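[1] predicted coordinates and the sequence they were generated for:
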Amino acid sequence: MTDAAPNNDRPSITRILGPWRATLLSGLLFAASHPPFDFGPLILVAFVPWLLSLERFKTTRSAILAGWCAGFLVYLLGLFYISQMPSLGGDSPITMYAMWVFISALLAVVFAAFSGVARFVASRVPRPWFVLLIPLLWTGFEFCHYYYPAPGPLMMTGHALHQVPVLIQIADLGSVHLVAFFIVLVNTCVFLWLDGRRRRVRSAECGVRSGKEDESASQDVNLQRLAIWALVIAFIVNIAYGSLRLYTLIPAIKDDGPLVAVIQPNIEQELKETRTEAARLEQFNRLRTLTGEALRYTPDLILWPETGYPWPINPRNPSSYDDLSRLASSIQTPMVVGAVAPLLEEDRKHYPYLTDRDAQLAWFNSGVYVGADGELFGRHDKAHLVPGGEYIPYRGTPLGDLVTDYARTLMGAVPEFLPGYRRDTFTLTDGMGRDWRFSMNICYEYWFPQLYGELHQPENVHFAVNLSNEVWYRQLAELDQALIGVKFRAIESRTTFVRATNDGISAVIDPLGNVRRTLTVDGKDRGVGGVMNVVLPVIENPEPTISLQAGMWVGWITMPLSLVIMVVSWVAWLRTRLRGNRDRTKVDARPI
C-alpha cells in the first residue's frame, strides 16, 4: 500500500472565485483605488486576479465580456456623480442616470479590448514576454480614452498613486502614462510569480519525475526569478528617480512668488443659468464683495472662476466689460476672470466649416486677463471642451442625438462652444517689480497633458492658472478627481498650478504635485464661498521637461502597437474559426 502524494496545491484565487468573479474583483480593486474611495496603493495588485483568470476562460468572447463588465463596474462606481448632476432643462432626472450608465458602458470598451487581446497573448506568447507586453497593451488601450468615444481620460491608472509622490515623479519623463506602465508592470510581475508558483506546485502534485518535468519545473523557477528581479528593478529605478527629483527640486522651489487672491463665490448653477439681469447682478455683486475682502492683503493678482463674469465679453466692444474694467482700475490690481466671448469676424478663418448661422450662435469659454488700468491684456479660449456639456460629438448620428437630449436635460439648451485656437502666455509684474510668466487653462483642460506642451514651450512658465466651475457635480468625487488631474499636470510640466473654482476645490499645487494649500471654510473645501490669499511657490528659472518637449510619447508608442496586436489576434481568431468550420464540413461530407 502506497501513500498518496501530499496535496501542496493551495487553492488559487481563480479556483476559489472562478474567472468571472476574479475579473470583477479586479474591477472593484481598480475602482477602490480612485475617488471616492481613494485607496490608491490597491492599484499595484488590482490587475492580478484578472491576469490570473485569463486562461481559465473557455472562450475569448467570455474574456472580452468579463473585461467589459469589470470596466463597467469601475466607471459606475467612479462616475456616479454624473447621475447626480442637476437637471436644469426641467426633464426627469432619469435622463442623467441613463447618461451615467451610457458613459460607463462606452468607457468600459477599453477594458474589454485589453481582456480579449491579453487572453490571446497569454495562450500564444512565452511567459517571459509578459513583462513588457501586458503593460504595453494596457497603456496603449488606455491612451485611446483621449479619442474614444469622445475625449474622456477619466480615472486613468496612474492617477491612483497620487498619494505616493516618490512613485509618480517619472511623470515629467513620460506623463501619467509612464506611471500607468509602471503600475501594470508591477501587477504583471506579481502575476508571473504567482503563476510560476502555481505551475510548480501542480507539477509536483502530479508526481512526474521525468527529465521533461524537471525541465518544466526549472522554467517555472526561472519565471519566478524573472518576475522578482523585474519587480525589484522597477521599484528601484522608479524610487531612485523620484527621490532624486524630490532632492533636487525641493530646494529649487521658493515660497517667494507673487501673492495671488483666489475668489470662490459658491454661486448656484441655477442662478448662473437664469441669465436675467437681476441674476447676473447678484452674481457680480457676490464676486465683487469677496474681491473687496481679498484686498486686505494687497494681492498682486486676483482670480475669478470659470464663467465668473456673468456677461459676455466682446474684446472689440469695451462697454461689454465696463463693470469689470472699472473694478480692476478702482482696486489697481490685475485680474484673471472667466467669461464667455463671441466668435468675431477675425476668428472665422480658423473655423472654415461654420455656416453664417452657426457662426452667429458660436461662443468661446474664455479666461481674460485684465490689467490694473482696466484694459484687456489678453485671453485664453478653452481648447478641450466637455462632450455633451459644451459641444455635441457625433452630430447627426443616433449617438449624437442621445447626447443632444442629455444636454437639453442638463442645461435646457444645446451648447454651441468652439474649441479655442489661442496658445498665449502672459506676464504679471508684482508689487516688487518682478515679472512672472503664467499660462491659463479652463476646467476640463486639466485632463490633457498635450495642451501644456503647447503652452509652456519654448519657455516654461512660473505658474499656471486653472479656472473651473464644478458646481455641477454637487460636491462629489469629481472634485477630487479634478484635483488629481491638476497634480499630474504640475509634475509633468514642473509648474505651480493655482485653481480658482466656483465651489471647490480651489487649491495651490507645487511642481512636485503636492497640494500646498486649499481654500477651506469651517473645515470644508467644497460647497463654500470664500477667499484664499497665498504666496505661490515657484521655480525661479523653470525649464521645459521631457514630458513637455516629447509630449505623450509613451501613449503614441504603445497605442499603435496595442492596436496592431489586437488586429493580429483578431485575424488569428478568425482563421481558427474558419479552419474549424472547414474541418467540420469535411467530417460531415464523409460517406456513411
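    Right, received. Where do you want to start? Numbers count the residues shown, from 1 in each chain.
[2] show me which residues of the helix ranked longest in the chain are buried.
    What stands out as the longest helix in the chain, according to DSSP state H, is helix 211-249. For helix 211-249, a neighbour-count test (16 or more other CB atoms under 10 Å) marks 217, 219-220, 223-224, 226-227, 230-231, 234-235, 238, 241-242, 245, 249 as buried. In short, each C-beta sits where N, CA and C put it, glycine included.
[3] and that helix, how far from the chain's centre?
    On the basis of CA atoms, centre = their mean, to the nearest Å, helix 211-249 sits 28 Å off its chain's mean C-alpha point.
[4] tell me the helix or strand right after that helix.
    Under the assignment DSSP states H and E, the closest C-terminal helix or strand after helix 211-249 is strand 253-254.
[5] what packs against that next one?
    Applying 3 or more CB pairs under 8 Å, 6 or more residues apart in numbering; DSSP states H and E, we find strand 253-254 packed against strand 538-539.
[6] run the chain-centre distance for the helix or strand following the strand it packs on.
    Using DSSP H and E, the helix or strand that directly follows strand 538-539 along the chain is helix 546-550. Helix 546-550 sits 18 Å away from the centroid of its parent chain (CA atoms, centre = their mean).
[7] low-confidence stretches in the stretch 401-550 of the chain?
    401-415 (pLDDT under 70).
[8] okay, helices next: where are they in it?
    449-455, 477-493, 546-550 (DSSP state H, counting those that start in this stretch).
[9] quick one: the second one to helix 211-249, angle?
    In this case it means helix 477-493. 80 degrees (axes from the mean of the first three to the mean of the last three CA atoms, to 10 degrees).
[10] tell me which residues of stretch 524-543 come out buried.
    525-526, 528-539, 542.
[11] mind checking the end-to-end distance for that stretch?
    36 Å (CA to CA, to the nearest Å).
[12] wait, Asn502 touches Val471, no?
    Yes: using CB atoms under 8 Å, Asn502 is in contact with Val471, at 4.9 Å.
[13] what touches both of those two?
    Common neighbours of Asn502 and Val471, counting by CB atoms under 8 Å, 6 or more residues apart in numbering, are Asn266, Ile267.
[14] low-scoring pLDDT stretches of the stretch 101-250 of the chain, where are they?
    Using pLDDT under 70, the flagged stretches of the stretch 101-250 of the chain are 149-151, 201-218, 220.
[15] try it again with 50
    209-210 (pLDDT under 50).
[16] quick one, strands of it?
    With strands called from DSSP state E, counting those that start in this stretch, the stretch 101-250 of the chain shows none.
[17] that one: helices as residue ranges?
    109-124, 130-143, 165-168, 171-206, 211-249.
[18] give the other helices and strands that the longest one contacts.
    Pointing back at helix 211-249 there. Going by 3+ CB pairs under 8 Å, 6+ apart, helix 211-249 lies up against helix 130-143, helix 165-168, helix 171-206.
[19] pick the most buried one from the ones you listed.
    helix 130-143 (a mean of 24; mean count of other CB atoms under 10 Å).
[20] tell me the angle of that one relative to helix 109-124?
    Calculated by the same axes, to 10 degrees, helix 130-143 forms an angle of 160 degrees with helix 109-124.
[21] what residues does helix 130-143 touch?
    Taking CB under 8 Å, 6+ apart as the rule, helix 130-143 contacts 47, 51, 110, 113-114, 117-118, 121-122, 125, 156-157, 177, 180-182, 184-185, 187-189, 191-192, 226-227, 230, 552, 554-556, 558-563, 565.
[22] surely His494 and Asp172 touch.
    To be clear, residue 494 is Arg; His isn't right here. Yes: under the criterion of CB under 8 Å, Arg494 makes contact with Asp172 at 5.9 Å.
[23] between these two, what contacts are shared?
    Thr545.
[24] one step back: just the helices of the stretch 401-550 of the chain: most buried one?
    Highest mean neighbour count among those (mean count of other CB under 10 Å): helix 477-493, with a mean of 25.
[25] now do that one: which elements does it pack against?
    helix 171-206, helix 449-455, strand 463-468, strand 496-501, strand 507-509, helix 546-550.
[26] can you redo the ones you listed as CSV with distance to Phe284?
    Listed next are the helices and strands packed on helix 477-493 as CSV, based on distance: least, CB to CB, whole Å:
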stretch, distance to Phe284
helix 171-206, 38
helix 449-455, 29
strand 463-468, 16
strand 496-501, 16
strand 507-509, 25
helix 546-550, 37
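[27] among the ones you listed, which comes closest to Thr289?
    strand 496-501 (16.1 Å; CB to CB).
[28] for stretch 522-532, what is the distance to the chain centroid?
    Computed by CA atoms, centre = their mean, the chain-centroid distance of stretch 522-532 equals 25 Å.
[29] other residues contacting it?
    In contact with stretch 522-532 (CB under 8 Å, 6+ apart) are residues 261-266, 286, 290, 293-294, 475, 479, 503-507, 517-521.
[30] change it to 6 Å
    262, 264-266, 290, 293-294, 475, 479, 503-506, 518-519, 521 (CB atoms under 6 Å, 6 or more residues apart in numbering).
[31] return the residues in contact with Val567.
    Val567 touches nothing, counting by CB under 6 Å, 6+ apart.
[32] follow-up on the earlier one: among the helices and strands packed on helix 477-493, which is nearest Asn441?
    Nearest to Asn441 among the helices and strands packed on helix 477-493 is strand 463-468; the distance by CB to CB comes to 5.3 Å.
[33] neighbouring strands - and their directions - for that closest one?
    strand 435-442 (parallel), strand 496-501 (parallel) (DSSP bridges).
[34] pick the most deeply packed of those strands.
    With neighbours taken as mean count of other CB under 10 Å, these reach their highest mean count in strand 496-501, at a mean of 28.
[35] residues in contact with Leu561?
    Counted by CB under 6 Å, 6+ apart, Leu561 has contacts Leu136, Gly140.
[36] between the strand or helix carrying it and helix 109-124, how big is the angle?
    Here Leu561, judged by DSSP H and E, is contained in helix 553-589. Orientation of helix 553-589 against helix 109-124 (the same axes, to 10 degrees) gives an angle of 60 degrees.
[37] avg pLDDT for helix 553-589?
    For helix 553-589, mean pLDDT rounds to 76.
[38] what sits up against stretch 161-170?
    Counting by CB under 6 Å, 6+ apart, Gly40, Leu178, Val179, Asn238, Ile239, Tyr241, Gly242, Arg245, Ile484, Lys487 sit against stretch 161-170.
[39] now do that stretch: distance to the chain's middle.
    15 Å.
[40] now do the end-to-end distance for it.
    From start residue to end residue, stretch 161-170 stretches across 12 Å - CA to CA.
[41] ok, the closest residue to Thr23 other than its chain neighbours to Gly523 distance?
    Closest residue in space to Thr23, ignoring its immediate chain neighbours: Ala66 at 4.3 Å, by CB to CB, 6 or more residues apart in numbering. For Ala66, the distance to Gly523 equals 43 Å [CB to CB, to the nearest Å].
[42] those two: which is more packed in?
    Ala66 (27 against 6; other CB atoms under 10 Å).
[43] per-residue pLDDT, that one?
    95.
[44] how near is the closest residue to Arg494 other than its chain neighbours to Glu492?
    Leaving aside its chain neighbours, Arg494 sits nearest to Pro511 (4.3 Å; criterion: CB to CB, 6+ apart). Using CB to CB, we find Pro511 at a distance of 10 Å from Glu492.
[45] no further queries at this time; thank you.
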